[in-house]
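J.: need a structure here:
(one chain, ligands or ions: 2)
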Amino acid sequence: MSIISLSGVKKTYPLGKTEVRAVKGVDFEIAKGDFVSIAGPSGSGKSTILNLIGCIDTPSEGRVEIDGVHTADMKDREITLLRHRTLGFIFQSFNLIPVLNVFENIEFPLLIGNKPSPKAERKAWVDFLIEEVGLSAWTRHRANELSGGQRQRVAIARALATKPKIVLADEPTANLDSETGEAIIELMKKMNRDLGTTFIFSTHDQKIVDIADHVIRLKDGLVSENYKPEGGGK
Ligand SMILES: Nc1ncnc2c1ncn2[C@@H]1O[C@H](COP(=O)(O)OP(=O)(O)O)[C@@H](O)[C@H]1O
Ligand SMILES: [Mg+2]
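T.: Ligands and ions are numbered 1, 2, ... in the order given. Okay, here's the model as predicted:
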């Protein structure tokens, strides 16, 4: 049973008097619990695809189904709930709140939206996530005191705070050196195994593509390859 399904998806952006065909007709399915890489060079359509799956944007044509629901049939309120409850986001620029400490950044999504869980329960869960991402010694440090790799670890824990079914990460290693980037992908994979969360990350770095257990390669707005690496994945 797939948790994400795209069929006949096209996305065209207006550009002055012409248009840019960013995604030209894409079909793929993603299985629940998989660790998926959307690979391809700059401009191939990776961010556009992730934005469509994240309901940040809507397709010009075709269907995007998330967790069994056709997103075009959803009301604004349902889209908001889907984004808060079903999806988690990791960004290439980390997007932490600089003056909040590690604990507060991770707890933040639990305090907005619907009523927060009891404080003790919340603390136990946030402390568990901090331990999982290896930052127990940094709990009370502010985000702006951390290295890039540490910031991305916080961002991973924050994305998982609401226990989403799917985490979307658009080039999460783009602002990290290659060694730190690899460690971040390995950490996402550990969280994928430990929590069963479906992860989808985009990258143009071939070295980390095959850490995934499902690779969808884009070229000029089309899928050029769609495979499960031998010996890759779990
Ligand atoms: N908002 C936009 N308006 C116009 N063109 C866009 C917009 N977003 C992306 N594009 C174009 O669509 C194509 C795919 O972009 P993108 O999805 O960002 O690729 P990638 O993330 O793989 O680098 C590129 O040609 C890009 O210039
Ligand atoms: Mg991009």
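J.: Which residues of the protein lie near ligand 1?
T.: Where proximity means CB under 6 Å from any ligand atom, the interface of the chain facing ligand 1 comprises 13, 15, 20, 22, 40, 42, 43, 44, 45, 46, 47, 48. The way it works is simple: take the backbone N, C-alpha and C, and place the C-beta from them, glycine included.
J.: hmm, which two among those are most spread apart?
T.: Comparing all pairs in those by CB to CB, the longest separation belongs to 15 and 40, at 20.4 Å.
J.: more neighbours, the two?
T.: For residue 15 against residue 40, the residue with the higher neighbour count under other CB atoms under 10 Å is residue 40, and the figures read 24 against 8.
J.: Model confidence for that one, exactly?
T.: The predicted structure scores residue 40 at 97 on the pLDDT scale.
J.: How about residue 80?
T.: Per the predicted model, pLDDT is 92 at residue 80.
J.: now do residue 232
T.: Note on residue 232: pLDDT of 57.
J.: swap in residue 117?
T.: The predicted local confidence for residue 117 comes out at a pLDDT of 84.
J.: try residue 158
T.: Taken from the predicted model, the pLDDT recorded for residue 158 is 98.
J.: Could you confirm it falls within a helix?
T.: Yes. Residue assignment for residue 158, taken from DSSP: H, G, I helix; E, B strand; the rest coil, places it within a helix.
J.: residues in contact with it?
T.: 88, 96, 105, 106, 108, 109 (CB atoms under 8 Å, 6 or more residues apart in numbering).
J.: now do 6 Å
T.: Applying CB atoms under 6 Å, 6 or more residues apart in numbering to residue 158 gives the contacts 105, 106.
J.: What are the contacting residues of stretch 204-224?
T.: Contacts with stretch 204-224, where a contact means CB under 6 Å, 6+ apart, come from 21-24, 26, 28, 34-41, 44-45, 182, 185, 225-229, 232-234.
J.: whoops, I mixed them up, stretch 121-134
T.: For stretch 121-134, the external contacting residues (CB under 6 Å, 6+ apart) are 103, 106, 107, 110, 136, 139, 153, 156, 157.
J.: Would you map the helices across the chain?
T.: Per DSSP state H, the chain has helices spanning 46-53, 76-81, 102-111, 119-132, 148-160, 178-195, 206-209. These are given in chain order.
J.: Ok, which of these comes nearest ligand 2?
T.: Closest approach to ligand 2 among the helices of the chain is made by helix 46-53 (3.2 Å; CB to the ion).
J.: Report the contact partners of the most centrally placed residue in the chain.
T.: A centroid search over the chain (CA atoms, centre = their mean) returns residue 168, at 1.3 Å, as the residue closest to the centre. Residues in contact with residue 168 (CB under 6 Å, 6+ apart) are 50, 54, 89, 200.
J.: Could you identify the most distant pair in those?
T.: Once CB to CB is applied, the contacts of residue 168 give 89 and 200 as the farthest pair, at 10.7 Å.
J.: tally of neighbours for residue 195?
T.: When neighbours are counted by other CB under 10 Å, residue 195 registers 15.
J.: Tell me the confidence at it?
T.: Residue 195 is assigned a predicted lDDT (pLDDT) of 96.
J.: Could you give me the buried positions within the worst-scoring helix or strand of the chain on mean pLDDT?
T.: Evaluated with mean pLDDT, DSSP states H and E, the helix-and-strand set of the chain has its lowest mean pLDDT in helix 206-209, which scores a mean of 89. Using 16 or more other CB atoms under 10 Å as the test for burial, helix 206-209 gives 208, 209.
J.: Over to stretch 120-137?
T.: Neighbour counts over stretch 120-137 (16+ other CB under 10 Å) mark 122, 125, 126, 129, 130, 132, 133, 135 as buried.
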